[in-house]
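> Sequence first, then the predicted structure:
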Protein chains: 2
Amino acid sequence: MPAVFSPRRAAVIARRIHELTTAAARRWDRASAWSADVLPRLAEFASRGKLVRGQLVLLGAELAGLRPSRTLFDCAAALELFHSSILIHDDLIDNDAVRRGTAAMHIQLAGAVRARGERMHAAERGASLAMCAADCGFFLTFNILAQLALPEATRRKLLALWSEEFALVTLAEMDDVHLSPGSTPAPREAIWRVYQYKTARYTFCLPLMTGLIVARAPAALRRSVLCFGENLGLLFQLKDDELGLFGTTKETGKPVGTDIMQNKKTLYHHYLLTCTPPDVQKRLRTLFGAPRLRAEDVAYVRRIVRESGIYETLQMAAADMAARARRIATRLPVSPALRAQLLQLVKYSAARTS
Amino acid sequence: MPAVFSPRRAAVIARRIHELTTAAARRWDRASAWSADVLPRLAEFASRGKLVRGQLVLLGAELAGLRPSRTLFDCAAALELFHSSILIHDDLIDNDAVRRGTAAMHIQLAGAVRARGERMHAAERGASLAMCAADCGFFLTFNILAQLALPEATRRKLLALWSEEFALVTLAEMDDVHLSPGSTPAPREAIWRVYQYKTARYTFCLPLMTGLIVARAPAALRRSVLCFGENLGLLFQLKDDELGLFGTTKETGKPVGTDIMQNKKTLYHHYLLTCTPPDVQKRLRTLFGAPRLRAEDVAYVRRIVRESGIYETLQMAAADMAARARRIATRLPVSPALRAQLLQLVKYSAARTS
């Protein structure tokens, strides 16, 4: 992690996640036997994340000259709670059992049902409870926004920004669900759209904009940072795809070839199934989505990616994003120290191995 | 439907649901191939409802002297869109295929996936897409709130109210999921809690309060109407349970005995399995949750309800709620015409047959 993401700040965000959630659990305890279970569980789950989005809220505000404050930490905590809730729905959609090194929420809650001595339909009830828990997390995010000590005009801007970007990320997720199965290559534009709305805008622009809005940054600065965030986010996603294909288990935390077996609709997938000779495509189609891969299968896909020029094409695209992000960072009217942090963030995103 | 729920008003709410959703679809079209499909589908689904919540927003405002306005209709539309989204998640939880006389959203979207020529995992993808569509509906509700022409202090109050009541209804739904399976009777307090948070506060108090807040009603009036709404809501729920047990298919739109087969955790269920002789309880346990019921089984349950005094007990509870609601309505500082409407609403809730 680059130095801009300080462990000290992460600790404060995690603490506020717990405090805000505990306060909500106390207020909402009367409504349900589950408040006292699911809200602390949500806080625990949220604070296990890297808290990148929360850190970006603080960075966004600093770019406009506002130092970290209680309000900013609370915005950071709110967005992290939202993100954890989205991940709960994602894990239900993908039927993933593990997240952040622990059991996914639906698995946890199926366990909670069993722990109450009830074994009937525990898995289904775990899934239903997890869907509700995530919904509760969404509304908690907005409830925190309602309570922030902010000028009302700022609150309204955050409400407009959050509600719109949250809607966009769910719509982009629908595209992702739709593109997922089958070995048909997805159109390049559709893949870029998912990259833009699921990663770039949601993960990078939204938290940076949140910080800028709280700091009442001028429109010109907001536009530049938005553009910086989009390029940084796309760079991050391209690197993610590269790691998915070339990373070791140690680097990615996933078995080698997971992206191939999951038939993930990356730009690699697109080019491999549209820009290679027919006989190569034929073999590739047997590998994408295969339940198991041999080491030589993964090696084959990697070799084709390199030999076909796809690797070079996507490296160039990534270098292009990095260059644009650096150019914007260089021109931003911020202190040399902050500029150095932004450049370091670009470097990290381009060179990271995990 | 009582006259207070005017078809003309329902038509305006439905129109605003369509207009607000169409505007969002246009703005969000760039994010996903699904925006143009799912947002109109959500509007169509929302406007098929009875729009009771939307009408209660208008009524709440009128109690404080504010006539229906564009802003109020938009609040009504926003709450109806939210409610439809919650129903989409409910139908996923209960695995219900039909809603509002048409296919449930996950069934509709599985059909949309198939219509695009893709048959693989269409049912699972329909469920995933429906979960996302509902999430999008939640955020659209808050996005509409961000755009309303309201004083900022009023917007903040609505944001606080909506986010809290939405969170409470998801927590109450978790209780409902938890109480659902098995024939063990749920504790009476747990059943009342679900009635209060899933029906009374969410369906009645929340929209009435929304109208009162927009109309900037004084705190004393808000408190009285809140109390009126709670009693009306509990009355409504008790009547719902009665219809579930004694109603005909023509009245309820569901097969006779559905509540018994679904093992619904109503107060009838509680008393039947706790306050009847052991041999009766033994037979009842074979009927609750049974996949099929004979006409004589339903008749048996009905007879026990009557002979054991459970029917009378719950009728008295309902009469008590109705009396309290009437007493509050009589004392409210509103015009005779509005008072008559409130009393008519109580009468309708106590005597409705559908």
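Okay, I see it. Numbering: from 1, shown residues only, chains lettered A, B, ... in the order given.
> Return the list of helices and strands in contact with the strand or helix carrying residue A:311.
Residue A:311 is part of helix A:310-331, with elements assigned from DSSP states H and E. On a contact count with 3 or more CB pairs under 8 Å, 6 or more residues apart in numbering or on different chains; DSSP states H and E, helix A:310-331 meets helix A:219-246, helix A:267-272, helix A:336-351. For the C-beta atoms, the positions are set from N, CA and C on the backbone; glycine is no exception.
> How far off centre is the one helix or strand residue A:23 maps to?
Taking DSSP H and E as the definition, residue A:23 sits inside helix A:7-28. With CA atoms, centre = their mean, to the nearest Å as the basis, helix A:7-28 stands 20 Å off its chain's centre.
> that older thread, dump the helices and strands packed on helix A:310-331 to JSON lines, plus mean pLDDT, mean neighbour count and distance to chain B.
Listed next are the helices and strands packed on helix A:310-331 as JSON lines, based on pLDDT from 0 to 100; neighbours: other CB atoms under 10 Å in any protein chain shown; distance: least, CB to the nearest CB, whole Å:
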{"stretch": "helix A:219-246", "mean pLDDT": "95", "mean neighbour count": "21", "distance to chain B": "13"}
{"stretch": "helix A:267-272", "mean pLDDT": "95", "mean neighbour count": "22", "distance to chain B": "16"}
{"stretch": "helix A:336-351", "mean pLDDT": "94", "mean neighbour count": "16", "distance to chain B": "23"}
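> Show me the one of those that comes nearest residue B:309.
helix A:219-246 (65.7 Å; CB to CB).
> residues in contact with the one residue sitting closest to the centre of chain A?
In chain A, the residue lying closest to the centroid (CA atoms, centre = their mean) is residue A:203, at 5.2 Å. Counting by CB atoms under 8 Å, 6 or more residues apart in numbering or on different chains, residue A:203 makes contact with A:52-53, A:233, A:236.
> for residue A:9, same thing?
Counted by CB under 8 Å, 6+ apart, residue A:9 has contacts A:54-55, A:58, A:68.
> can these go into JSON lines with extra columns for pLDDT, distance to residue B:42 and secondary structure?
Formatted as JSON lines, these follow (pLDDT from 0 to 100; distance: CB to CB, whole Å; DSSP: H, G, I helix; E, B strand; the rest coil):
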{"residue": "A:54", "pLDDT": "98", "distance to residue B:42": "31", "secondary structure": "helix"}
{"residue": "A:55", "pLDDT": "97", "distance to residue B:42": "34", "secondary structure": "helix"}
{"residue": "A:58", "pLDDT": "97", "distance to residue B:42": "35", "secondary structure": "helix"}
{"residue": "A:68", "pLDDT": "96", "distance to residue B:42": "39", "secondary structure": "coil"}
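> quick one: which of these is nearest chain B?
residue A:54 (19.6 Å; CB to the nearest CB).
> Is the nearest residue to the closest one once chain neighbours are set aside in a helix, a strand, or coil?
Excluding the flanking residues, the one nearest residue A:54 by CB to CB, 6 or more residues apart in numbering or on different chains is residue A:76, at 3.3 Å. Under DSSP: H, G, I helix; E, B strand; the rest coil, residue A:76 falls in the helix class.
> Count the neighbours of residue A:76 for me.
When neighbours are defined as other CB atoms under 10 Å in any protein chain shown, residue A:76 has 29 of them.
> Just want the angle from the helix holding residue A:311 to helix A:336-351.
170 degrees (axes from the mean of the first three to the mean of the last three CA atoms, to 10 degrees).
> gap between helix A:310-331 and the chain center?
20 Å.
> buried ones in it?
A:310-311, A:314, A:318, A:321-322, A:324-326, A:328-329 (16 or more other CB atoms under 10 Å in any protein chain shown).
> hang on, the earlier thing: with neighbour count as extra columns, can I get the contacts of residue A:9 in CSV?
Below are those laid out as CSV (neighbours: other CB atoms under 10 Å in any protein chain shown):
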residue, neighbour count
A:54, 32
A:55, 23
A:58, 28
A:68, 20
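> Between the residues you listed, which sits nearest residue A:4?
Nearest member of the contacts of residue A:9 to residue A:4, counting by CB to CB, is residue A:55, at 7.1 Å.
> What are the phi and psi values at the nearest residue to that closest one once chain neighbours are set aside?
Excluding the flanking residues, the one nearest residue A:55 by CB to CB, 6+ apart is residue A:5, at 4.6 Å. Here is the backbone geometry of residue A:5 (degrees, to the nearest 10): phi -90, psi 90.
> Same question for residue A:98.
When read as degrees, to the nearest 10, the backbone of residue A:98 gives phi -120, psi 140.
> who's in contact with it?
Residue A:98 is in contact with residue A:104, counting by CB under 8 Å, 6+ apart.
> can you give me the strands in the stretch 51-200 of chain A?
A:98-99, A:102-103 (DSSP state E, counting those that start in this stretch).
> neighbouring strands for the last one, and are they parallel or not?
Using DSSP bridges, the strands paired with strand A:102-103 in its sheet are strand A:98-99 (antiparallel).
> Report the secondary structure state of the residue nearest to the centre of chain A.
helix.
> For residue A:237, give its distance to residue A:317.
Residue A:237 is 11 Å from residue A:317, where distance means CB to CB, to the nearest Å.
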